[in-house]
Every structure is written in structure tokens, then in C-alpha cells.
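Engineer: Provided below are the primary sequence and the corresponding predicted coordinates.
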Amino acid sequence: MDGFQRISNISQQQVDSTLEDEAPFSKTALNLNQEAVNTSELEIKFTQARAAMLSLQNADGHWCFPLEADCTIPAEYILMMHFMDEVDVLLETRIARFIRDKQDLSHGGWPLYYGGAFDISCTIKAYYALKLVGDSPEAAHMVRAREAILERGGAAKANVFTRLLLAMYDQIPWRGVPVVPAELVLLPRWFPFHLSKVSYWSRTVMVPLSILCTMKARAVNPRQVHLRELFIIPPEEEKNYFPKAGTLLKRIFMLTERVLSRVEPRLPQSVRQYAIRRAESWTLERLNGECGIGAIFPAMVNAHESLALLGYAYDHPNRVQCRNALRGLLVDEGERVWCQPCTSPVWDTVLTSLALQEDPTTDQKPVLQALDWLVEQQILDEPGDWRDNCPDLPGGGWAFQYANPHYPDLDDTAAVAWAMDQGDAERYQKPLERAANWLCGMQSRNGGFAAFNIDNTYHYLNEIPFADHGALIDPPTSDVTARCVGFLGKYGKSHHQHAVLRGISYLLREQESNGAWFGRWGTNYIYGTWSVLEAFRLAKFDMQHKSVRSAVQWLESVQRADGGWGETNDSYLDTQLAGKFPETSTAFQTAWAVLGLMAAGEVNSESVRRGINYLLRNQSSDHLWEEPWFTAPGFPRVFYLRYHGYSKFFPLWALARYRALTRTVAACL
């Protein structure tokens, strides 16, 4: 069982299926013609990058970088103002400028990520927002967008969330959208659908949305702007709002939904009103101050609009909270403004801290200040939704945002605990133990770890008509599991090691045939593969194990001619694009690949040296890295994110590790 150096008490039955052919691969022989790294250049550029990162640290110790999504978010901000008749003309003008700048001239519409293909739903929302602001339908950019929409079937082909918005704006009939009744909150836990069976983001979006749908909300639309020109068939005559159901289960759900759509208006008013009050109460409990319900934009918009519909006055404290939370997501660039889907201070702070910890010979006081800030963000006794399935498990997690006490997540928690254990385990003893116990208590039955939930694997729910985005649930994933396994393995307490063993077994089962791991929360297989190799390093797994050697070979096989790595978000649509990017290498993905290879013991490989040189060559004039590519999915295939910090702290992390490891090797010679 030498595949587990630290983990000695593993049961043969637990891992036989994943370790039975454990013949170690031999190390790749060093190539004497390797591309050398200029150590003087490395020293200078690392020092400059580190100083630049420290200059971005806030006075209280944390970092927070912008988090960008596609143009549906800023477009929906404009649509929300017109829905509520609370239009800030100067603000909408500046947001509209941002939306116009993001139009892709190659296809005339708006993509889901920089350089991506045309997306009809995003384009419809962007077009509608610009028309609301006052852009003429005959303006060149509007004509291009409209023609692109019509070429692809018109606005009737939009996704569910877009059609729901159009129904509330009276642009399509309500029969064109799935039923989302408030009575959902009344369903018992044993029912096939229950709030605890869907992800946190689905809950926080769906419950206030159910109020809007049950009450058949109507946007004020003060300028009476309409979209009939985007329909091939008049919307009131259109009969094909729902795509044909492919699977038997989907057909059953569609039939059930259509029956429910006829029954729903006839439900007793007493039941309706009771359900609305329950949904209202659920929403109010989770308003989350000025960070907003769920601390995510779609849920916050739905809550804001539903409270207005329920009669809350403009100056009511709950309405003020909602409004301020939404304003807090705006990024002001002067001439233009855009809206974030949420903020990422905990994630940015811990990843920057981990990058700066890679070379402990540097001043660690800024890192300790960041970790002290993180201590104050730990969620301990708050009544989070995760308690639905783990009522007796003490808290100990961290959220992604400044405040989101109902929804701590496992990825942030594992990363924060990793940094604290690495920084000063004695200083952070109490938060570390609480975090480790909470993580172990949140492990799913299959050995994996999900982002927010335990055993949230009701895959059939992704077949309901409302879930055309395919992201209604939160099952375990390789990248989150890796972070949890890595921390728990490094932390090394005996009562956590069974969780580590189960997690490693899960990861070995999840490895792709090509040697890579899928990246749910970062693009894509490069991210997933780095995450797992890093976890194996921390847990002291045998780096000569065949799964590790296979991952190393895959990473080396997808390295680009310029020495870097790059992977398109299209790999979520086509697995043949795993590790591939037609345009260019990227700094953040190069850093992931290099970090993964070094975790596997390949610091002296030619691939690592070429990757480090790519990062050195592409450092920007501000001594960091900057690029427009989107770095992660919010939901694979339908929603993507650009973490502006990823191109900064991940390359710094890679340089710091390479510098530290090569200096250590040199000192031993």
C-alpha cells in the first residue's frame, strides 16, 4: 500500500478497484537541451510581481478583484430599473456603453464569454436593455443583433430565464414559460422536488421568483418599449416555446408541468396566499443585509422585485437593503459601468495568500494579516441551509463573499484552512479544527465533496422544464474534492484520515481516460488536473502512482509551442477540446499546469521550464499579468466567469514555487 505514505490504515476493500494495477512509472529523463530559466530575470520579475500584489492589498488585510460575467448581468440591471420604474438615467447610460463595447462584430450578438460563440438569450437581453435605454432599432449595432437573433429562430428560442423575463414584460404570454408556483415551498421533504434537493443558488433564485410568477408580475416598463421585431411568429401565436423533450423522463416532466399550468390558476386562494407568505418569509430570513440574498445577483434581483410586488415601500428597510446590495455589485470604470454577479473577497484573499506563502523566506506579515481577516469571516453558529441535512454538525466554514452566512462553501473553507495550517497552525488552531470537522461532516456518500451541499445528487431534477440550464443541483466534483482532500491530508489528524481515503478513492475513480480531471469551477481539465495533483502532494500520495504519471503525461501533451498552456471554455461542449485553445496560451492556465507538474515532482522538467519562461515573457508593465479570457464556469455550457485576479495571483504562485524549489535543489548540490 505504498501509494499512501502517510495514510497507513487504508482498508483493502476501499481502494482495490482503483489501485489494483499500481505499477509506478519511471521519471522522465532530463533533457540536456532544456530551455533554461534566467535566474536573475526570475528573481527580478518575481520580486516585482510580489510587490505589485502587496500594493493591491486592502488596509484590513484582504484582497478583492472584480468578477465579470457575460452581458446578461449588466443588461438585467437595466431591465430591473425599468421593471421597478426606478430608472437612473446616468447609470443606465454608462451601463449601456459597457454592453455596446462587448458586442461581438463577427456574429453581431453577445457571447457567454470573451471570444465565444453567439448566444441568443444573452443577445436578446442586451438588445432589450439597449432599446430601453433609447438605442434606435435602426442603429447599425441593433440591426446586426436583431438579424442574428432572427436567423436563429427569434426570441421564442430563448432559454427559460429569458422567457420568464419576457413574460413579466408582457412580451410573451405566460403559457410560454414553465410554472414556478409559490406552493413549491410547501412540498414535503419526501416529495420528488424539495428545496433541500436543489443547490443553494437554485433555492435563492427560485423562491423569490416563485412569488413573481405566482402573482404574474408585470414590469412597469415606463417607456413602453417592446420587442415584437424579435419574433418570427407573433408571440401570442407562437406554439413552440418549449423544445421537444428528448428523454422519456423529460417528456414525463413536460406533461406534468403542462397539466400543472392548467391546474395552478384554480388552486384555492387561501392556499396561494399561504404559500406566498411562506415564500416571503423564507426570502426575508435570507436577505443577508447589504450583501443580498445568497450574495448573488439573480437572487437579489428577484428578491428586490418580489418585495416591491408584495407592497413594500421604496424606503422600507428591506427594500433599501436589496437596493444597496445590488448597487454594491457595480464596477465604476468612469465612462462605463458594469455589474458583477457577486463579489469574491474570501476566495481572492486566500488564493493570494497561498501564492505569497510559496516562498516562506519572504516577509509573511501581510499574509498573516490576511489570515487574521479571514478568521473573522468564519461562519460558526449561524443557521445555514446546510443544516437541513446535517442538523447536528457544528459550523466552521467560510463563504465566498463578504457575507453569506446561510451558505458557506467547501472550496473556500478548504482553501482557507490550507493557508492557515501552512501559515501558523498553532495561531489558527481553533478555526482549523472547526473547519476540518465541518468539511468531514459535509462529505457525500460517494466520497466526494460538493461546493455547498451534501449528497445533492438528484440528477433527475435537471430534466424538469425549469432547469434547461442543467445546473439545478450541486453534486460532488473533482476540484472541490481535491481541495478538501488536500487540506485534510495535510492537516494530518487521525480522526479525519478516513475522509481523506474516501476522497482519494473518489478522485481516482473520476480521472478521465486521458489522465486529466474535469474542472467544474475552473476552465477546465487543466484546472481540474492541477487541483487533484496539488491535493495528492498535500496528502503525501505516491507521486509515482500511475494516475499521477498519466496526469503528468497529459499536461505535457497539451503544452503549446510557445511554452504555455491554454484551454477554451468550448471544452465544456466538446471534450475533444480538453486542454486546447485555438487562440493563445493564457497566464492563469499556464500557471495551473506548471503548479500541477511541480506538485507531481517535475520541477526540473523541460515542460516546467518552458512554462515558467512563458510567464516571464508575458508579464505586463504593471509587473502582473492581464488578459481578457474568461477563467471559469459558473455553470458549464451556460454561464461563465472572468476572475480578474486569476491572471495575477496564479502566475505569481507558479513563479514563487519554482523559485523556492529550484533554490532548495541548488542548495543541496
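Structural biologist: Noted; the coordinates are in hand.

Engineer: in stretch 352-369, what's buried?
Structural biologist: 352-359, 362, 364, 366-369 (16 or more other C-beta atoms under 10 Å). The way it works is simple: take the backbone N, C-alpha and C, and place the C-beta from them, glycine included.

Engineer: export stretch 569-580 to PDB, keeping only CA atoms.
Structural biologist: What follows is stretch 569-580 as a C-alpha-only set of coordinates in PDB (Å, rounded to 0.1, in the frame of the first residue of the first chain):
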ATOM      1  CA  ASN A 569     -14.500  27.200 -22.500                       C
ATOM      2  CA  ASP A 570     -15.700  25.300 -25.500                       C
ATOM      3  CA  SER A 571     -14.200  22.200 -23.900                       C
ATOM      4  CA  TYR A 572     -17.400  22.000 -21.800                       C
ATOM      5  CA  LEU A 573     -19.200  21.400 -25.000                       C
ATOM      6  CA  ASP A 574     -16.700  19.200 -26.700                       C
ATOM      7  CA  THR A 575     -14.300  17.000 -24.700                       C
ATOM      8  CA  GLN A 576     -12.100  16.700 -27.700                       C
ATOM      9  CA  LEU A 577     -11.000  20.300 -26.900                       C
ATOM     10  CA  ALA A 578      -9.700  19.300 -23.400                       C
ATOM     11  CA  GLY A 579      -6.500  21.300 -22.800                       C
ATOM     12  CA  LYS A 580      -6.800  23.100 -26.200                       C
END
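
Engineer: buried sites along that stretch?
Structural biologist: The neighbour-count check on stretch 569-580 (16+ other C-beta under 10 Å) flags 569, 570, 571, 572, 577, 578, 579, 580 as buried.

Engineer: about what we covered before: of the buried residues of stretch 352-369, which belong to helices?
Structural biologist: 352, 353, 354, 355, 356, 357, 366, 367, 368, 369 (DSSP state H).

Engineer: with distance to residue 313 and pLDDT as new columns, can these be given to me in CSV?
Structural biologist: As requested, those are exported to CSV (distance: C-beta to C-beta, whole Å; pLDDT from 0 to 100):
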residue, distance to residue 313, pLDDT
352, 42, 98
353, 44, 98
354, 46, 98
355, 47, 98
356, 48, 98
357, 50, 97
366, 45, 97
367, 46, 98
368, 46, 97
369, 42, 98
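
Engineer: re earlier: nearest to residue 653, of the buried residues of stretch 569-580?
Structural biologist: Set against residue 653, the nearest of the buried residues of stretch 569-580 by C-beta to C-beta is residue 579 (19.8 Å).

Engineer: what about the closest one, distance to residue 85?
Structural biologist: Applying C-beta to C-beta, to the nearest Å, the value for residue 579 to residue 85 is 49 Å.

Engineer: hmm, residue 196 is touching residue 187, no?
Structural biologist: No: with contact defined as C-beta atoms under 8 Å, residue 196 and residue 187 do not form a contacting pair (10.1 Å).

Engineer: where does the prediction get shaky in the stretch 1-150 of the chain?
Structural biologist: The model of the stretch 1-150 of the chain has pLDDT under 70 over residues 1-34.

Engineer: you'd agree residue 595 is up against residue 656?
Structural biologist: No: taking contacts as C-beta under 8 Å, residue 595 lies outside contact range of residue 656: 10.0 Å.

Engineer: which of these two has more residues huddled nearby?
Structural biologist: Between residue 595 and residue 656, counted using other C-beta atoms under 10 Å, the more crowded position is residue 595 (26 against 23).

Engineer: so who does the more buried one touch?
Structural biologist: Shown in contact with residue 595 (C-beta atoms under 8 Å, 6 or more residues apart in numbering): 530, 534, 650, 653, 654, 657.

Engineer: report the buried residues of the strand or helix carrying it.
Structural biologist: If you go by DSSP states H and E, residue 595 is part of helix 587-599. Going by neighbour count (16+ other C-beta under 10 Å), the buried part of helix 587-599 is 587-599.

Engineer: can you name the element that comes right after that helix?
Structural biologist: helix 606-617.

Engineer: what residues does the helix or strand following that next one touch?
Structural biologist: Using DSSP H and E, the next helix or strand after helix 606-617 towards the C-terminus is strand 632-635. Strand 632-635 is contacted from outside by 69, 341, 469-471, 519-524, 527, 569, 572, 639-643, 646, using C-beta under 8 Å, 6+ apart.

Engineer: mind running it again at 10 Å?
Structural biologist: 67, 69-70, 112-113, 199, 201, 296, 341-342, 469-472, 479, 519-524, 527, 569, 572, 588, 639-643, 646 (C-beta atoms under 10 Å, 6 or more residues apart in numbering).

Engineer: taking the residues you listed one by one, which sit in helices?
Structural biologist: 201, 479, 527, 588, 646.

Engineer: closest one of these to residue 616?
Structural biologist: Minimum distance to residue 616 across those is 15.2 Å, recorded for residue 588 (C-beta to C-beta).

Engineer: could you report the pLDDT at the closest one?
Structural biologist: In this model, residue 588 is scored at 98, pLDDT.

Engineer: in the stretch 101-250 of the chain, which spans are helices?
Structural biologist: 120-133, 140-151, 160-168, 200-214, 248-263 (DSSP state H, counting those that start in this stretch).

Engineer: one step back: mind putting the buried residues of stretch 569-580 in a markdown table, pLDDT and distance to residue 605 included?
Structural biologist: Output for these, formatted as a markdown table (pLDDT from 0 to 100; distance: C-beta to C-beta, whole Å):
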| residue | pLDDT | distance to residue 605 |
| --- | --- | --- |
| 569 | 96 | 28 |
| 570 | 96 | 28 |
| 571 | 96 | 24 |
| 572 | 96 | 29 |
| 577 | 94 | 25 |
| 578 | 95 | 21 |
| 579 | 94 | 17 |
| 580 | 92 | 21 |
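
Engineer: biggest separation within the ones in helices among the contacts of strand 632-635, which pair?
Structural biologist: 201 and 588 (23.7 Å).

Engineer: return every residue with contacts to both of residue 595 and residue 656.
Structural biologist: Counting by C-beta under 10 Å, 6+ apart, the residues touching both residue 595 and residue 656 are 355, 358.

Engineer: which one is residue 653 nearest to, not counting chain neighbours?
Structural biologist: residue 355 (3.6 Å; C-beta to C-beta, 6 or more residues apart in numbering).

Engineer: that neighbour contacts residue 50, doesn't it?
Structural biologist: Yes: with contact taken as C-beta atoms under 10 Å, residue 355 and residue 50 are classed as touching, separated by 8.7 Å.
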